[in-house]
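> Return atomic coordinates for the entry below.
(chains A and B)
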Amino acid sequence: MTIAVENGRRMFDYWLTVYKRTWKGTMISSFLLPMLYLAAMGIGLGSFVDSNGTGALGGVSYLQFIAPGLLASTAMQIAVGEATYPVMSGLKWQKFYHSMIATPLRPADVVYGQLGFIAFRVFTSCAVFLVIITLFGGLKSPLGVLGLPVALLVGMAVAGPIAAYATILDNDSGFAMVFRFGVVPAFLFSGAFFPVSQLPDWIEWLAYVSPLWHAVDLSRNLSLGTVDPLLALGNLAYLLAWFLVGTHLAVRGFTKRLIG
Amino acid sequence: MSEQRESLVHVRGLRKSYGDFEAVRGIDLDVWRGEAFGFLGPNGAGKSSTMRMIGAVSPVSGGTLKILGLDPATDGPSIRARLGVCPQDDTLDTELSVRENLTIYGRYFGLSRAECRERADELLEFVALTEKAKVKVDELSGGMKRRLTIARSLVSKPDLLLLDEPTTGLDPQARHLLWDKLFRLKQAGVTLIITTHYMDEAEQLCDRLVVMDGGLIAAEGSPADLIRDYSTREVTELRFGPDVMLADHDALAGKVEDLAQRIEVLPDRLLLYTDDGERAVAAVHERGLEPAAVLVRRSTLEDVFLRLTGRTLVD
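As a prediction, this is how the structure comes out:
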């Protein structure tokens, strides 16, 4: 375990060095887009929703209703972005993973370093976004800052399985499926913008399967002060299970692809 | 070499299969400390599969493999910590600068950041890329990228350097520059293992080599030994021009057969293996044959390969 941490750290350095060069490019996707959503939906659409009464939202402003969900959605999108094309590049385009495993690093270390960097990206981006949300008055209670660890968790819950999926692809066309049938529907239908109880039953159940719904629900309940401990534990356990199984699958996928 | 020889790579009955396909079909060899050892063979001979096993990134399918006295199945990371690997494709990070590619790689070996910086500067000097230190890898020529890959493989001061097709795809000038660097490493006592399908490269660099074909070792020895054992001192090449067909070649070969110890019929020329090439040329002319072009040359490893496998190395 200590070896994994040490080796993962060695690899994490790589990603930090890369990030020093590329961070400016990530600003738009990481901050600008979520802020536009926050402004358009929370404030624009929000003023319209709020003027019609907020009973269905539990009596809070629309901005406060969606802000915790937007934070979790942002985490998911950043994590998926970092677990798709960069992973394909390491395996196939630039092949830097292959040069990494020619050193004392093992495929598992490569996975830990990669996930460590994704955690770093999710955490830092979401922390900044959380500050912006707070400035807009998007948090109802101070407990809402716990949305940050929840965001980190949902990021990690999706990063592992997506990275594992990347290892079985021959090219990046498979990622379009991830975005079309995974990320976009999850973003729209996981309760970030409206309660999933508004949906037809079968879609509602699909929402419960998605890790994002669990993060949105937990993050919002924390902010609105409506936490049900049992449900919260369920949310956490579900996200943690995705993270652990996903990481395991990623280690297996990397090992199979890199060592043969 | 007369004292106790230390085997850095010990191979007995080594096999590698991918599904039903057997890439390496049982090979034996030892690589001694301080030598430059070569795998010569065409694409698909099993060289790269063998190199990946020696690099401790590919599990063996059968047989014994010890690298630096250790078993790659259990001591992979410890073995890899003492190897330098220069893969066939440059797996450099094109987003990063030349220098960052070296410092980052040193980190994978657990060197401190300060050590990495120091090593990077030394190695850039060694491969004559100091002026390019801050340039992005994207902007380097093919030869510079190879040199950087070699520099990267040296970051950890390896005991054993693995070079897979080090000069494939480079122009002649870049190749000679690279050979010079590798020769200096050998002088400095680094043990080199090189795969190549260029016989000139094998002759330039290798103290000893094995000729691989179809996953097996066809012959082993120094370049000079192999040429002596499997070829003649000289070769006379006869070309009869484009209108002479392969069938005619066979007929022509029949007419000159007795002039050489051995004859090879290639699509575009006849090779007469003899210890006196000029005398063979004279005899060919005496028989009234008029080849369009004649060349007398020394035997090379290419001839050894042709003798062993019936095929040329580079198609």
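> contacts and neighbour counts: CA atoms only from here.
Fine.
> where are the low-confidence patches of the stretch 201-315 of chain B?
Along the stretch 201-315 of chain B, the parts satisfying pLDDT under 70 run over B:245-247, B:313-315.
> Could you list the domains of chain B?
B:7-222, B:232-298 (automatic domain parsing).
> Including distance to chain A and mean neighbour count, could those go into JSON lines?
Formatted as JSON lines, those follow (distance: least, C-alpha to the nearest C-alpha, whole Å; neighbours: other C-alpha atoms under 10 Å in any protein chain shown):
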{"stretch": "domain B:7-222", "distance to chain A": "4", "mean neighbour count": "20"}
{"stretch": "domain B:232-298", "distance to chain A": "38", "mean neighbour count": "16"}
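> Looking at those domains, which is nearest to A:Ala83?
domain B:7-222 (17.7 Å; C-alpha to C-alpha).
> What is the end-to-end distance of that closest one?
One end of domain B:7-222 sits 17 Å from the other (C-alpha to C-alpha, to the nearest Å).
> before we move on, what about stretch A:89-105?
For stretch A:89-105, the first-to-last residue distance is 18 Å (C-alpha to C-alpha).
> near chain B, which residues of the stretch 101-250 of chain A show up?
By C-alpha under 8 Å from any C-alpha of the partner chain, the residues of the stretch 101-250 of chain A that approach chain B are A:Ile101, A:Ala102, A:Thr103, A:Pro104, A:Leu105, A:Arg106.
> wait, what's in contact with the closest residue to the fourth one other than its chain neighbours?
Excluding its sequence neighbours, the residue lying closest to A:Pro104 (C-alpha to C-alpha, 6 or more residues apart in numbering or on different chains) is B:Pro77, at 4.1 Å. The neighbours of B:Pro77, taking C-alpha atoms under 8 Å, 6 or more residues apart in numbering or on different chains as the test, are A:Thr103, A:Pro104, A:Leu105, A:Arg106.
> quick check, nearest of these to B:Gly215?
Using C-alpha to C-alpha, the contacts of B:Pro77 come closest to B:Gly215 at A:Thr103, 26.4 Å.
> how close does the closest one sit to B:Val98?
Taken as C-alpha to C-alpha, the span from A:Thr103 to B:Val98 is 19 Å.
> How about B:Asp164?
In terms of C-alpha to C-alpha, B:Asp164 sits 21 Å off from B:Val98.
> between the residues of the stretch 101-250 of chain A next to chain B, which has the most around it?
With neighbours taken as other C-alpha atoms under 10 Å in any protein chain shown, the top of these is A:Thr103, carrying 29 neighbours.
> Three-state assignment for that one, please.
The local conformation at A:Thr103, judged by DSSP: H, G, I helix; E, B strand; the rest coil, is coil.
> For the closest residue to it other than its chain neighbours, give me its contacts.
In this structure, A:Thr103 finds its nearest non-sequential neighbour in B:Arg80, 5.2 Å apart by C-alpha to C-alpha, 6+ apart. With contact set as C-alpha under 8 Å, 6+ apart, B:Arg80 has these partners: A:Ala102, A:Thr103, A:Pro104, B:Gly55, B:Ala56.
> How about B:Ala151?
B:Leu102, B:Leu123, B:Leu124, B:Phe126, B:Val127.
> Assign a three-state SS to it, would you?
helix.
> mind listing what residue 46 touches?
You didn't say which chain, so I picked chain A. So A:Gly46 contacts A:Ser61, A:Tyr62, A:Leu63 (C-alpha under 8 Å, 6+ apart).
> that's the wrong chain, I meant chain B
B:Ala23, B:Val24, B:Met212, B:Asp213, B:Gly214, B:Gly215, B:Leu216.
> Quick check: the first one touching B:Lys16?
Yes - B:Ala23 is in contact with B:Lys16 according to C-alpha atoms under 8 Å; the separation is 5.6 Å.
> Mutual contacts of these two, please.
B:Ser49.
> All the helices of the stretch 151-260 of chain A, in order from the start?
With DSSP state H, counting those that start in this stretch as the criterion, the stretch 151-260 of chain A has helices at A:173-177, A:184-189, A:201-209, A:211-224, A:229-258.
> so which of these comes closest to B:Ser112?
Per C-alpha to C-alpha, nearest to B:Ser112 of these: helix A:229-258, 26.3 Å.
> How far away from the center of its chain is that closest one?
With C-alpha atoms, centre = their mean, to the nearest Å as the basis, helix A:229-258 stands 13 Å off its chain's centre.
> now do the same end-to-end measure for stretch B:184-192.
11 Å.
> Pipe the contacts of B:Arg80 into CSV and attach pLDDT per row.
Below are the contacts of B:Arg80 laid out as CSV (pLDDT from 0 to 100):
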residue, pLDDT
A:Ala102, 94
A:Thr103, 95
A:Pro104, 94
B:Gly55, 97
B:Ala56, 97
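> picking up where we left off before, quick one, which of the helices of the stretch 151-260 of chain A is packed in tightest?
Neighbour counts (mean count of other C-alpha atoms under 10 Å in any protein chain shown) averaged over each of the helices of the stretch 151-260 of chain A peak at helix A:211-224, with a mean of 27.
> I'd like the average pLDDT over that one.
Computed over helix A:211-224, the mean pLDDT rounds to 96.
> Quick one: residues in contact with it.
Helix A:211-224 has contacts (C-alpha under 8 Å, 6+ apart) with A:64-70, A:72-73, A:76, A:139-147, A:150-151, A:154, A:157-158, A:186-187, A:190-192, A:207-208, A:227-228, A:232, A:235-236, A:238-239, A:242.
> May I have the residues that are in contact with the residue most central in space within chain B?
The structure's chain B has its C-alpha centroid closest to B:Thr196; by C-alpha atoms, centre = their mean the separation is 2.5 Å. Residues near B:Thr196 by C-alpha under 8 Å, 6+ apart: B:Gly38, B:Phe39, B:Leu40, B:Gly41, B:Asp164, B:Glu165, B:Pro166, B:Ala202.
> Backbone torsions only: list them for it.
phi -160, psi 150 (degrees, to the nearest 10).
> is it in a bridge, and if so with what?
B:Leu40 (DSSP bridges).
> re the thing from before, turn the contacts of B:Gly46 into a markdown table, including secondary structure and distance to A:Val80.
Formatted as a markdown table, these follow (DSSP: H, G, I helix; E, B strand; the rest coil; distance: C-alpha to C-alpha, whole Å):
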| residue | secondary structure | distance to A:Val80 |
| --- | --- | --- |
| B:Ala23 | strand | 37 |
| B:Val24 | strand | 40 |
| B:Met212 | strand | 45 |
| B:Asp213 | strand | 45 |
| B:Gly214 | coil | 44 |
| B:Gly215 | coil | 42 |
| B:Leu216 | strand | 46 |
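> Which pair of the residues you listed spans the longest distance?
B:Ala23 and B:Met212 (11.1 Å).
> quick one: common contacting residues for those two?
With C-alpha under 8 Å, 6+ apart, B:Ala23 and B:Met212 have common neighbours B:Ala45, B:Gly46.
> Would you mind pulling up the elements that the least confident helix or strand in chain A by mean pLDDT packs against?
Within chain A, confidence by mean pLDDT, DSSP states H and E is lowest for helix A:2-27 among all helices and strands, at a mean of 81. Contacts defined by 3 or more C-alpha pairs under 8 Å, 6 or more residues apart in numbering or on different chains; DSSP states H and E place helix A:2-27 against helix A:107-135, helix B:98-108.
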